[in-house]
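# Structure, please.
(chains A, B, C and D)
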Protein chains: 4
Amino acid sequence: MIRFENDYLEGCIPEILEKLVNTNYEQMPGYRLDDYCETASRKIKDSCNANYLDVHYLVGGTQANMTVLDAILRPHQGVVSTILGHINVHEVGAIEGRGHKVLALYNTDYMDEDNIELAQQFDEESKLSPQTLKNYLDDYFKKDDWHTVQPGAVYISHPTERGALYTKDELIQLKTICDEYEMPLYLDGARLAYALAAEENDIELEDLAKYCDIFYIGGTKCGALFGEAVCFSNKKYNKDFRNITKHNGAIIAKGRLLGLQFDVLFTDNTYTDKCRDAYMFAMRIKRAFENKNIDFIANSFTNQQFPILSKEQQSYIKSCGINFNYETKIDNDYDAVRFCTDWATKKENIEYLESVISKL
Amino acid sequence: MIRFENDYLEGCIPEILEKLVNTNYEQMPGYRLDDYCETASRKIKDSCNANYLDVHYLVGGTQANMTVLDAILRPHQGVVSTILGHINVHEVGAIEGRGHKVLALYNTDYMDEDNIELAQQFDEESKLSPQTLKNYLDDYFKKDDWHTVQPGAVYISHPTERGALYTKDELIQLKTICDEYEMPLYLDGARLAYALAAEENDIELEDLAKYCDIFYIGGTKCGALFGEAVCFSNKKYNKDFRNITKHNGAIIAKGRLLGLQFDVLFTDNTYTDKCRDAYMFAMRIKRAFENKNIDFIANSFTNQQFPILSKEQQSYIKSCGINFNYETKIDNDYDAVRFCTDWATKKENIEYLESVISKL
Amino acid sequence: MIRFENDYLEGCIPEILEKLVNTNYEQMPGYRLDDYCETASRKIKDSCNANYLDVHYLVGGTQANMTVLDAILRPHQGVVSTILGHINVHEVGAIEGRGHKVLALYNTDYMDEDNIELAQQFDEESKLSPQTLKNYLDDYFKKDDWHTVQPGAVYISHPTERGALYTKDELIQLKTICDEYEMPLYLDGARLAYALAAEENDIELEDLAKYCDIFYIGGTKCGALFGEAVCFSNKKYNKDFRNITKHNGAIIAKGRLLGLQFDVLFTDNTYTDKCRDAYMFAMRIKRAFENKNIDFIANSFTNQQFPILSKEQQSYIKSCGINFNYETKIDNDYDAVRFCTDWATKKENIEYLESVISKL
Amino acid sequence: MIRFENDYLEGCIPEILEKLVNTNYEQMPGYRLDDYCETASRKIKDSCNANYLDVHYLVGGTQANMTVLDAILRPHQGVVSTILGHINVHEVGAIEGRGHKVLALYNTDYMDEDNIELAQQFDEESKLSPQTLKNYLDDYFKKDDWHTVQPGAVYISHPTERGALYTKDELIQLKTICDEYEMPLYLDGARLAYALAAEENDIELEDLAKYCDIFYIGGTKCGALFGEAVCFSNKKYNKDFRNITKHNGAIIAKGRLLGLQFDVLFTDNTYTDKCRDAYMFAMRIKRAFENKNIDFIANSFTNQQFPILSKEQQSYIKSCGINFNYETKIDNDYDAVRFCTDWATKKENIEYLESVISKL
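Residues are numbered from 1 along each chain as shown, chains lettered A, B, ... in the order given. Model prediction:
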């Protein structure tokens, strides 16, 4: 079976394995006090052109989200998200488990009538529109409604859960609104490398450092065995973050493993380079479906593609030995499904997939 | 510098790296549904002679403790522990972070006067005496004092935080008391391999399956890169545990990494065999100090040794390029310190340490 | 100013004050072990024709909801609610503060197309349709999607937050669905007396005992100074509930105060009788608006009425010295607002309000 | 039976009931926005000579402690307390339920050897010695041990759980140490009126405002039906406290009930005056036991007395129709027990108790 159902199907880029092997017997202090955490942070700061960053290494995305939000929210506060935001859907309530409501917004509830089609598109792409955010926050703080959960942070993903991309202009607008309410903007970069590799993307690493208060650079889905690099741009929010990671069971004894991986990923342009093929392959999948006049539930320019397929089309593809994921129901006959590429996707498998799609 | 300060100084046993390299491009489903989690669990069950085990893989010890206790305690319940129990001291309140008090008991408060010296020894060795547990639980449930935290589980470590060992007889006694109150007995095996390798140990893997309701087999400190295998012997407690790991940010996407490591560790007798030298080396360190009439704060038969050294002695050893950990203050001149060996400790370093000690 | 903005504007029915005065110097044990808690529970059981009830007294509604849900949900579980459910909107995240997501459902997302108008009505009335619940639970448990929050309880209010009433038939259907999934049905009766006093209501106290696993009888808004009586019909869920109230800071030292109030309220038919006028008055307000062809956002047969008024109409009423509450925006010119009656509402104020409405 | 087992046996001082009756039908806005909360706060500020206070009204002591600590601690922080501190013993883990460890200190572990007897006395009186606090904090922050819970607040009770009193000098010392570490000092005044009424007390209300960052003035045990007034002296800690009370289910709809009671208690000198007899009576009980050469477990100058009685003595007193509470076991023959007086204690009952004691 050839698998396209997600982007954590394989191990990691070979340079990481190599370095693991070569450094295996070096003795290093634990809990991220080792040399590799140090050099990795240096390289990340350089890549972001942001010497002021405070970089921490966590094991996975849900853990990163739950620990960051635990650190920055007060008890009565929640976090603003899109409806499809990873924290709202796929973390078994990890944020609520730390005491905080996810304030999940429909753009269609907040954008004005002229923009209703755009609002629908944003909802399907899992993007938070600046207009939505502004209307929501204006309304909340104008009413001073202390019987409802107070928004205390804003969470976005880039690329989004549906593979879509924010524009740099949108990011700046979101940040400006957050600043108006002295609220941190937190960006989940679980699949950041695939955004950075996309031609359509105009948000660079240094924009994240400039326009987000906190962001994380995803490793698990972007070439590492595991690991996410949480970066604080704003020193207002990282106080005692290391203690809070331990409090959340979110720090590993052999911190070197995380440092080492990000050291490799941020040597030269490895992080983005290793995911460029995945972007190209995803675009080929996209075009293959488009050529068959097949629609998508969201317009993705990254490694996840969400075509809308009939039950019959799905069966045919599976019968050819290709696996993909169910995303959501469209109607009784059609579902949106997900095809992912990743840093390890093989060219011949893409070619085979193209040939299968061409026969739909 | 030669480091003896902890047992997570290096990477992992080479067999694991080798398997990582060899399987790197295999496509596997995520979240522990891969083949290696399957085979590892099979091997662990066989090693424990306990087909009924339900095995889960978590990343680290604090995470395992917090997730297990989150799963098995009700809101008003706490967990019984020794004063030096890892959950009571070194987890930045991760258990409290999940809402539960650690009910840390001094043996000296609960054992009768005839046993007061034994109680002191237990306190220093971080062992929970069956008499302590019995007296505490009898007292609590006799009074039915619902204004105080209700004990809902019992936590012990084997070997303990001070390297000491429970006897099989003590384990059975603790289990019997727990059963009387229908309370789960949970054993933290962060350094279990060093106990299994010790000649003085009479608790085998199958005893854990028989006499603990839940236990975890430590990987991080026993030859793995990271990872702990949480085993439920009692099906009363594992309901929806997988969901609860995700809720705690305690499940990694590439579950294969954990499965693969435990598959290697539980192939043949690797887990114990790889830590046998560490045990031998620790006994050599022990004898070296004993030969100088140096006392220990606890009588350890495993890889951690806690001699009581003067400031001067400590300085001398450090001046020889050897590092160790501070454990606790004895008086203004003396501290208990910690020397650890692990699966990667080199014979020549032990010999050098012996020669340094001999000159104290 | 004459206030209609809520139903907790005054103190309590005079019989309660009288009993407080008469029993003031009696010495009673604390924490609900007094005689009045005993007699009140006896009377509540009799009123519900349910000897098997376990009755607890808490201070307020948010506290009751948070404590009950803390007791009955496991860490990875959430509670199903309507979008307008009190726990979803007006409790500053108290449920999330205890670790649990509120799984707020739009009926419009779950009911079939033939019922779309009904679904909209249910959404506006804050009612959970049995079809919605069934579709949601069937879907969740069919997929076994352990990456998302597991529904662990169902929360409904009677009357609802918009004053609407479930029918007995709907209640039975909801219970049947809950039973199918072994999930507790929990009913918030903050304003229960106003439902019991309504001619349109066919759910009696004994139906609550029969068809809910847990429900609370509201005191604060129904004639008491404060207090809610939490009743467990199903003994599967009340284990150690007293301990859990204390754990939540939800038990008062002088439990007599709560027992005494519910003793008075459940002597004869006081609870319902005292709120009958409020029901009548609310119906008069309803008719007064209807006579002016003014619409309502929800069809309420209880003490809360939600007419849709223009800004101008609102100003006029306020200029007459009458206060009411904002509920929600309809468009730039119109808002839904709230008028409440309660056990203390005076006939002459209703007459005055009618005359004011007649001039709109 | 004549009850001395606690200080919440009766209702409240008659002036409160009278005011409840007289104001019953006044319409007031909810959630502490009423006139009485306003006037009560004014009077409390005047009594404390501290115009800068921010006063909130909560229902009970556990609720106040849990809500205040929820508001002021960050996730990885705990609260320093004595071993016998109410938050450490009698709140079913309410503080841990909000995620925070109670860092309960034995004075005997922290005071130097010259002061070991004093340390024992402090432990028995449930007082936190300034030397203990200083040694503990110095040690913690010198080591910067981020693997252990970080102290984030200091909790003391005045009078203590054993009826003892801090001196003003001790209070100032504790505050000075807290300031050094920028840590809030929080004082639990559940029984404050009995301290204020004591001749031996030299801490006045204005000292609390001056030397505590937060403190609460107990109502429940000091003449009110229920209620505690939480006062913030330091504006660094009260941000959004109202929201946090709601988040904790700790705000009642009819806030007037709390405002009204504290208005009465702080009119003239009612709060202290009403508890003066209780103090006198407690001193008479104390002398009665002293006259029989009966020892006490702690030297209390307030309304709780803790004599050490043989089983036989206890039986005799009970056989005379007098009830008291068990406190703690001394040995197989002797227990420390508790006799409480309160604002409602009757002179004739004290006389009778004296006569019973005289026959021991």
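
# Up against chain B, what does the stretch 201-350 of chain A have?
By the rule C-beta under 8 Å from any C-beta of the partner chain, the part of the stretch 201-350 of chain A lying against chain B is A:220-221, A:225-226, A:243-244, A:246-254, A:256-257, A:344. C-beta coordinates here come from the backbone N, C-alpha and C atoms, glycine included.

# Strands along the stretch 151-300 of chain A, start to end?
For the stretch 151-300 of chain A, applying DSSP state E, counting those that start in this stretch gives strands covering A:185-189, A:214-218, A:228-232.

# Show me the shaky parts of the stretch 251-360 of chain A.
Confidence mapping of the stretch 251-360 of chain A against pLDDT under 70 gives zero matching residues.

# Show me which of the residues of the stretch 201-350 of chain A next to chain B are buried.
By neighbour count, with 16 or more other C-beta atoms under 10 Å in any protein chain shown, these hold A:220-221, A:225-226, A:243-244, A:246-254, A:256-257, A:344 as buried.

# which ones are touching the residue nearest to residue A:221 when sequence neighbours are not counted?
Nearest-residue entry for residue A:221: residue A:7, 4.6 Å, with adjacent residues in sequence omitted and distances by C-beta to C-beta, 6 or more residues apart in numbering or on different chains. Residues counted as contacts of residue A:7 (C-beta atoms under 8 Å, 6 or more residues apart in numbering or on different chains) are A:191, A:221, A:278, A:303, A:304, A:340, A:341, A:342.

# switch to 10 Å and redo it
Going by C-beta atoms under 10 Å, 6 or more residues apart in numbering or on different chains, residue A:7 touches A:190-191, A:194, A:218, A:220-223, A:275, A:278, A:302-304, A:338, A:340-345, B:30, B:253.

# what does the model give it for pLDDT?
pLDDT recorded at residue A:7 is 97.

# Assign a three-state SS to it, would you?
coil (DSSP: H, G, I helix; E, B strand; the rest coil).

# Now do the buried residues in the one helix or strand residue A:42 maps to.
For residue A:42, the host element (DSSP states H and E) is helix A:35-47. If you call a residue buried by 16+ other C-beta under 10 Å, then helix A:35-47 has these buried ones: A:36, A:37, A:39, A:40, A:41, A:43, A:44, A:45, A:47.

# same question, stretch A:329-342
Neighbour count says stretch A:329-342 has A:334, A:335, A:336, A:337, A:338, A:339, A:340, A:341, A:342 buried, by 16+ other C-beta under 10 Å.

# quick one, phi psi at the last one?
Think residue A:342. phi -150, psi -180 (degrees, to the nearest 10).

# just to revisit the earlier point, is it possible to get JSON lines of the buried residues of helix A:35-47 that adds pLDDT and distance to residue A:262?
Below are the buried residues of helix A:35-47 laid out as JSON lines (pLDDT from 0 to 100; distance: C-beta to C-beta, whole Å):
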{"residue": "A:36", "pLDDT": "97", "distance to residue A:262": "8"}
{"residue": "A:37", "pLDDT": "97", "distance to residue A:262": "8"}
{"residue": "A:39", "pLDDT": "97", "distance to residue A:262": "9"}
{"residue": "A:40", "pLDDT": "98", "distance to residue A:262": "4"}
{"residue": "A:41", "pLDDT": "98", "distance to residue A:262": "8"}
{"residue": "A:43", "pLDDT": "98", "distance to residue A:262": "8"}
{"residue": "A:44", "pLDDT": "98", "distance to residue A:262": "7"}
{"residue": "A:45", "pLDDT": "98", "distance to residue A:262": "11"}
{"residue": "A:47", "pLDDT": "98", "distance to residue A:262": "10"}
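
# Quick check: the residue of the stretch 151-300 of chain A nearest chain B.
residue A:249 (3.3 Å; C-beta to the nearest C-beta).

# coming back round to it: tell me which of the buried residues of helix A:35-47 is nearest to residue C:239?
residue A:37 (46.6 Å; C-beta to C-beta).

# how close does the closest one sit to chain B?
14 Å (C-beta to the nearest C-beta, to the nearest Å).

# again, but for residue A:12
7 Å.

# Quick check: residues of chain A near chain D?
With the criterion set to C-beta under 10 Å from any C-beta of the partner chain, chain A comes near chain D through A:31, A:67, A:70-71, A:73-77, A:98-99, A:101, A:145-150, A:152, A:239-248, A:251.

# Which elements pack onto the helix or strand hosting residue A:309?
Here residue A:309 sits within strand A:308-310, counting by DSSP H and E. When contacts are defined as 3 or more C-beta pairs under 10 Å, 6 or more residues apart in numbering or on different chains; DSSP states H and E, strand A:308-310 packs onto helix A:311-319, strand A:334-340.

# which one of the strands of the stretch 151-300 of chain A lies closest to residue A:269?
Nearest to residue A:269 among the strands of the stretch 151-300 of chain A is strand A:214-218; the distance by C-beta to C-beta comes to 13.5 Å.

# From the buried ones among the residues of the stretch 201-350 of chain A next to chain B, which land in helices?
Among these, the members found in helices (DSSP state H) are A:243, A:244, A:246, A:247, A:256, A:257.
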